[in-house]
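>>> only geometry, no sequence info:
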């Protein structure tokens, strides 16, 4: 029997009409689409037209190796600064004089970019203290820019020799003020220990010594535990120093760090300056040197492939420290010759 319902207008019982079964709109559309495809046959697909020169729509193909390299900020930065050529001494002096007199920012940019790779080398020395290398490089670049502003080309030295002190100063200040707040603690004693530890490690490496915890503790007069705590906090690195810099070069970030057998970066740069003058005054210095100093001069300072402190020490049967001290005395003699030559030049320059 069909169902009954009350008509609201007449209040009479009437037969109810059956409700139509609801049809889902999505199902209905689907059926229509399938029917249309059956009637039209195979569908033709046309490619969307794009502009070939649009880099956003058509990015260059990147190999897996290149993709990995591009994600490393240090490697990408090193590849970028290779584009800037180094300046000869004469060209650098010419530009430095122009900037000194005009303060032209375009000239300053050339002086800065030509020395960026030196900043990387200096910054790498401080990466052993745990900070991100790219941050140290950026801070060192600020120091380089400051050095360019302050540099006086009339004092007879290369820009980078002068800039080393500014670069180191800005990096150290960054380590103490920013990085140390998280990694070395916030107390004055912790900061002081970090700074002294940093200097002492550099000095020991310069002397050819291995900076062990026990030796550092003895030289700094602090507990071994305190040094261990600082070193543990500084243990992490953001990039592998043993990894190659790029696909074409076998150089590593580790190669930028100080070799304990060699001079520090600022001493090396200063030595290069001195050697250039030394070659001009070589005959004046030889008569005043003993046999060992002559050997150091020929095999360490003037050699294309200089011997290490250890190799010279093995030759004479002495320690690396003894060789380093002999080299330091030799440098003092060389400096004395340079000072004398400089004094003799001044009257000529004033005429």
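Looks like it came in fine. Keep in mind that what you see is a predicted model, and the values were worked out from it rather than measured.
>>> mean confidence for stretch 117-135?
Taken as a whole, stretch 117-135 has a mean pLDDT of 83.
>>> report the buried residues of it.
Buried residues in stretch 117-135, counted by 16 or more other CB atoms under 10 Å: 118-135. In short, each C-beta sits where N, CA and C put it, glycine included.
>>> one more: stretch 213-221?
Of all the residues in stretch 213-221, those buried under the rule 16+ other CB under 10 Å are 216-217.
>>> contacts for that stretch?
Stretch 213-221 has contacts (CB atoms under 8 Å, 6 or more residues apart in numbering) with 193, 196-197, 200-201, 204, 209, 223-224, 226-228, 231.
>>> wait, doesn't residue 84 sit right on residue 114?
Yes: shown here, residue 84 and residue 114 form a contact pair, counting by CB atoms under 8 Å, at 5.8 Å.
>>> quick one, which of the two is more surrounded?
Each of residue 84 and residue 114 has its neighbours counted (other CB atoms under 10 Å); residue 114 has more, 20 against 15.
>>> my read is that that one contacts residue 85, right?
Yes: the pair formed by residue 114 and residue 85 meets the contact definition of CB under 8 Å, at 6.6 Å.
>>> circling back to that earlier point, how about JSON lines for the contacts of stretch 213-221, with pLDDT, distance to residue 99 and secondary structure added?
Listed next are those as JSON lines, based on pLDDT from 0 to 100; distance: CB to CB, whole Å; DSSP: H, G, I helix; E, B strand; the rest coil:
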{"residue": "193", "pLDDT": "74", "distance to residue 99": "41", "secondary structure": "helix"}
{"residue": "196", "pLDDT": "77", "distance to residue 99": "37", "secondary structure": "helix"}
{"residue": "197", "pLDDT": "78", "distance to residue 99": "38", "secondary structure": "helix"}
{"residue": "200", "pLDDT": "81", "distance to residue 99": "38", "secondary structure": "helix"}
{"residue": "201", "pLDDT": "78", "distance to residue 99": "36", "secondary structure": "helix"}
{"residue": "204", "pLDDT": "77", "distance to residue 99": "39", "secondary structure": "helix"}
{"residue": "209", "pLDDT": "76", "distance to residue 99": "42", "secondary structure": "coil"}
{"residue": "223", "pLDDT": "86", "distance to residue 99": "50", "secondary structure": "coil"}
{"residue": "224", "pLDDT": "84", "distance to residue 99": "50", "secondary structure": "helix"}
{"residue": "226", "pLDDT": "81", "distance to residue 99": "46", "secondary structure": "helix"}
{"residue": "227", "pLDDT": "80", "distance to residue 99": "44", "secondary structure": "helix"}
{"residue": "228", "pLDDT": "78", "distance to residue 99": "48", "secondary structure": "helix"}
{"residue": "231", "pLDDT": "68", "distance to residue 99": "42", "secondary structure": "helix"}
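>>> now, among these, which is nearest to residue 323?
residue 209 (13.4 Å; CB to CB).
>>> count of neighbours near that closest one?
Counted with other CB under 10 Å, residue 209 comes out at 16.
>>> that one and residue 96, how far apart?
Distance of residue 209 to residue 96, given as CB to CB, to the nearest Å: 38 Å.
>>> quick one: the helices in the stretch 151-300 of the chain, in order.
Ranges of helices in the stretch 151-300 of the chain, per DSSP state H, counting those that start in this stretch, are 159-174, 180-183, 188-206, 213-220, 224-233, 265-280, 282-285, 291-296.
>>> contact partners for the residue nearest to residue 81 when sequence neighbours are not counted?
Leaving aside its sequence neighbours, residue 81 sits nearest to residue 116 (CB to CB, 6 or more residues apart in numbering; 4.4 Å). The contact partners of residue 116, by CB under 8 Å, 6+ apart, come to 81, 84, 141, 144.
>>> now do the strands in this protein.
Taking DSSP state E, the strands of the chain run over residues 4-6, 13-15.
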